[in-house]
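[1] Got a predicted structure here, sequence first:
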Amino acid sequence: MFTVFFILWIILNGRVTLELVLLGVLIAVAVFLFAHFAFGYTAFSERTVLRYLPLAVVYLINLMREIIIASLSVIRLILSPSAKPDPVLIAFDSHLPTEFQNVVLANSITLTPGTVTVQMKDGHFLVHCLRLEYAEGIEESSFVKLLRRVRLEEGKK
C-alpha cells in the first residue's frame with residue numbers, strides 16, 4: 001500500500017525531482033501509518049484486497065453494464081407516452097454473510113436507475129422499484145452472485 005501511496009503522490013505532482021521523491025516517501029509513510037492506526041489496516045488486509053482485486057474489477061464492470069441497461073430502460077419509460085411507472089416495494093433476503101457485502105449490494109441497487117434501497121437490516125432488503133419488472137430476479141441478480149464469491153471474515157479489516 002505504501003507503494004500505491006507513493007506512486008499516487010508522483011502522479012499527482014506530475015514531475016520527479018529529488019525533493020518531491022523525498023517528500024513523497026515521507027507523506028506515503030505518514031498516510032500508511034495513519035491507515036494502520038486509524039483503520040486497523042494490516043498486511044492481512046492488503047492480501048485480501050489483492051486477492052479480490054480481479055473480482056472487484058469484474059464487479060465494477062458488471063455494475064457499469066447494469067447502470068447503462070437500467071438507464072436505457074428508465075429513459076424509455078420517461079419518453080414513452082403510453083408507458084407509466086408502476087411503483088412497487090419489494091422485500092427480499094440477500095443471504096450474504098457479511099455486513100460489508102450487504103452494504104455493497106444496497107449501494108449497487110441504489111446506483112442502478114429505477115431502483116432505490118429503502119431499508120437494509122441484517123441482510124433483509126426493502127427496495128423501491130419504478131416498475132414491477134425492475135424487481136424481477138433481484139434476489140439472484142448478478143450483483144448477489146458476484147458478492148457470494150467473496151469470502152470475508154466479519155470483523156477483520
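    Received, thanks.
[2] Strands of the chain, residue ranges please.
    Secondary structure of the chain (DSSP state E): strands at 88-93, 115-121, 124-129.
[3] Now render those as a markdown table, adding mean pLDDT and distance to residue 79.
    Any C-beta I mention is one placed from the backbone N, CA and C, and that applies to glycine too. What follows is the strands of the chain, written out as a markdown table (pLDDT from 0 to 100; distance: least, CB to CB, whole Å):
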| stretch | mean pLDDT | distance to residue 79 |
| --- | --- | --- |
| strand 88-93 | 94 | 21 |
| strand 115-121 | 95 | 19 |
| strand 124-129 | 96 | 19 |
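[4] just the ones you listed: most buried one?
    Mean neighbour count (mean count of other CB atoms under 10 Å) peaks for strand 124-129 among the strands of the chain, with a mean of 18.
[5] Direction included, what does that one pair against?
    Applying DSSP bridges to the sheet, strand 124-129 is found paired with strand 88-93 (antiparallel), strand 115-121 (antiparallel).
[6] ok, back up a step: can you say which of the strands of the chain is nearest to residue 137?
    Among the strands of the chain, the nearest to residue 137 by CB to CB is strand 88-93 (10.2 Å).
[7] and residue 88, how far is that from residue 10?
    Residue 88 sits 51 Å away from residue 10, taking CB to CB, to the nearest Å as the criterion.
[8] Give the full set of residues in contact with the most centrally placed residue in the chain.
    Centroid-nearest residue in the chain, with CA atoms, centre = their mean: residue 104, separated by 4.8 Å. By CB atoms under 8 Å, 6 or more residues apart in numbering, the residues touching residue 104 are 59, 143, 147.
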